[in-house]
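Peer 1: heads up, no residue letters with this:
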């Protein structure tokens, strides 16, 4: 036993590999940029600073300039707060609703369970992009609407996952004992079920975050997401799609930003310690 | 036993029908939420109150929502999709051509993607853990975790800008010869294939790996069968059900992909029609397009379910 091993996570039964570390560094980077990006940006994101449009990578403009001559690097930092912020808000809302409803359905059972499951199954059989299109057409697009819309679209999946886990836990002896003691639904959910499904639920939340980032970017790309003058990464690709013909960095850089975030989250979850991921088995 | 399968299949169809009904309710409800009055939008600022009231009653907008929902559903069942707000054309007419364009795109994509995905999925499962498997699996994860428009953007960048092989935009109506047809379809098909194939490879690989874990495959290995024989004769026939299920499920990803692809390549399909309808807030058109999409999606999902039941006796409880 060396002194070093005392402090390694392995001592607590967790095994962390290099891929997970690199992935979490990327995620941390985008998290910090989402919070402080606008103040760290070299130029104001809305200001036209380059006389050339679709300018190349240079010392002044790290990632070139966009179709109006604005600095792409600054705009990507601004986009980070929209993409990460909206997605994070939506995923928290979706997972909170889904997990609470899922656990309640599993504990309560009966008609409540059946009716809720049927309804949410029907909701999830509307293709997500289509659902987004219809809703945005109906109620327009603003940041709160987007968060709510994305949360509604991804609640059924989260519900289904949490319910499946909770149903397994529900059959355990300690739940039966608690029930025999006369504990109410709230106690059962928070004290008996939730602590036993936290790991998988968090992993599922990460995956759902990726889906939400992808859907949000897709909607913004169609012009239905974040509206000008603000822009998330999807809108940045849409704005600068004309740069394709020149092969300019303006259209490639936001794409790389999206990919680096989503691939990192996926890789991190794939490389999480087994103990956290597979409590469901 | 056959009656048992029949009952199960009928049950699935029933569930699909009820789901479609709920979906139609949601679609109708969503478009009901539109703030502002469609009649005032249609008539513009110069409308007199009498004109507004007249048009309202002519469009039956004064009836309760439930009555209008019933009328809309009955119309749909009879094939009457209503008329578009934006240009006053019957919607059935507008959708007809577009739908066949989209279906053609989907058919070409499936014809390319399915064989490709099957070969890659099965071979990666066979050589699990090899360099080849790892490269393909990493590629698949990367494709799944990026948005469809990024694959489209990269495809344009590589094939149209750098290599200059293909046109960046496509118009299906202009294609007259086979050569032009190929050039027009190439880009959308490449993009959609990227999306579908990745999903399909992942599911096919998982299905074959599951089957390879079975005791009878180990038996085949122990009796000295070659790897090919083991996979082709023993594993594949049993994995066929899950694989067909996987194909139907991944084809349902076409729906999401096609919305992006038709927009980016200006392809005159039904998804483009719908995105344009969203821009003009043409509600009847959006409703009809949404229903067409949901019917397509539900058909594929239900088909996947039914194939899984037929292929796997253990699901016939």
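Peer 2: Structure's in. What do you need? Keep in mind it's a predicted model, so treat the numbers as computed, not measured.
Peer 1: give the contact list for residue B:300.
Peer 2: Going by C-beta atoms under 8 Å, 6 or more residues apart in numbering or on different chains, residue B:300 touches B:248-249, B:251-252. Every residue, glycine included, has its C-beta placed from N, CA and C.
Peer 1: Which element, helix or strand, includes the residue in the stretch 1-150 of chain A positioned nearest to chain B?
Peer 2: Closest to chain B within the stretch 1-150 of chain A is residue A:122: 3.8 Å, counting by C-beta to the nearest C-beta. According to DSSP states H and E, residue A:122 maps onto helix A:110-124.
Peer 1: Would you map the helices across chain B?
Peer 2: B:2-32, B:38-43, B:49-58, B:65-77, B:91-126, B:131-144, B:148-155, B:178-212, B:215-222, B:227-229, B:236-251, B:253-264, B:270-280, B:283-311 (DSSP state H).
Peer 1: and the first one, what other elements does it pack with?
Peer 2: So that's helix B:2-32. Other elements packing on helix B:2-32 under the criterion 3 or more C-beta pairs under 8 Å, 6 or more residues apart in numbering or on different chains; DSSP states H and E are helix A:110-124, helix A:128-139, helix B:65-77, helix B:283-311.
Peer 1: Check which helices and strands the shortest one is in contact with.
Peer 2: The criterion is 3+ C-beta pairs under 8 Å, 6+ apart, and the helices and strands that helix A:128-139 contacts are helix A:143-170, helix A:194-221, helix B:2-32, helix B:253-264, helix B:270-280, helix B:283-311.
Peer 1: Quick check: which of the ones you listed has the most neighbours on average?
Peer 2: Sort the helices and strands packed on helix A:128-139 by mean neighbour count, taking mean count of other C-beta atoms under 10 Å in any protein chain shown, and helix B:253-264 sits at the top with a mean of 24.
Peer 1: picking up where we left off before, looking at the helices and strands packed on helix A:128-139, spot the one closest to residue B:182.
Peer 2: helix B:253-264 (16.8 Å; C-beta to C-beta).
Peer 1: on that earlier part again, can you put the helices and strands packed on helix A:128-139 in JSON lines and add mean pLDDT and distance to residue B:154?
Peer 2: Shown next, in JSON lines, are these (pLDDT from 0 to 100; distance: least, C-beta to C-beta, whole Å):
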{"stretch": "helix A:143-170", "mean pLDDT": "90", "distance to residue B:154": "25"}
{"stretch": "helix A:194-221", "mean pLDDT": "89", "distance to residue B:154": "14"}
{"stretch": "helix B:2-32", "mean pLDDT": "81", "distance to residue B:154": "33"}
{"stretch": "helix B:253-264", "mean pLDDT": "82", "distance to residue B:154": "11"}
{"stretch": "helix B:270-280", "mean pLDDT": "82", "distance to residue B:154": "20"}
{"stretch": "helix B:283-311", "mean pLDDT": "81", "distance to residue B:154": "26"}
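Peer 1: Among the contacts of residue B:300, which one has the most neighbours?
Peer 2: residue B:251 (24 neighbours; other C-beta atoms under 10 Å in any protein chain shown).
Peer 1: Settle this for me: that residue is touching residue B:110, isn't it.
Peer 2: Yes. Residue B:251 is within contact range of residue B:110, at 6.3 Å (criterion: C-beta atoms under 8 Å).
Peer 1: So what's the residue count around residue A:25?
Peer 2: Neighbours around residue A:25, by other C-beta under 10 Å: 11.
Peer 1: Check what pLDDT it gets.
Peer 2: Residue A:25 carries a pLDDT value of 89.
Peer 1: Residue A:274 too?
Peer 2: 65.
Peer 1: do the same with residue A:109
Peer 2: Confidence at residue A:109, expressed as pLDDT, is 83.
Peer 1: Against residue A:249, how distant is the residue in the stretch 201-317 of chain B positioned nearest to chain A?
Peer 2: Chain A sits closest to residue B:278 of the stretch 201-317 of chain B, with a gap of 4.2 Å, by C-beta to the nearest C-beta. Residue B:278 sits at a distance of 30 Å from residue A:249 (criterion: C-beta to C-beta, to the nearest Å).
Peer 1: Name the nearest residue to residue A:215, ignoring sequence neighbours.
Peer 2: Residue nearest to residue A:215 in three dimensions, not counting chain neighbours: residue A:128, with 5.6 Å by C-beta to C-beta, 6 or more residues apart in numbering or on different chains.
Peer 1: That neighbour contacts residue B:256, correct?
Peer 2: Yes. Look at residue A:128 against residue B:256 with C-beta under 8 Å: they come within range, at 6.9 Å.
Peer 1: about what we covered before: which parts of the helix holding residue A:122 are buried?
Peer 2: A:113, A:116-117, A:120-124 (16 or more other C-beta atoms under 10 Å in any protein chain shown).
Peer 1: Can you tell me which of those is nearest residue B:185?
Peer 2: Taking C-beta to C-beta as the measure, residue B:185 sits nearest to residue A:124 out of the buried residues of helix A:110-124, at 31.6 Å.
Peer 1: Now do the same contact list for the closest one.
Peer 2: Neighbour list for residue A:124: A:156-157, A:160 [criterion: C-beta under 8 Å, 6+ apart].
Peer 1: nearest to chain B, of those?
Peer 2: Proximity of the contacts of residue A:124 to chain B (C-beta to the nearest C-beta) peaks at residue A:156, which lies at 11.8 Å.
Peer 1: and the gap between the closest one and residue A:98?
Peer 2: Taken as C-beta to C-beta, the span from residue A:156 to residue A:98 is 7 Å.
Peer 1: hmm, back to that, tell me which of the helices and strands packed on helix B:2-32 sits nearest to residue A:43.
Peer 2: Taking those one by one with C-beta to C-beta, helix A:128-139 is closest: 30.7 Å.
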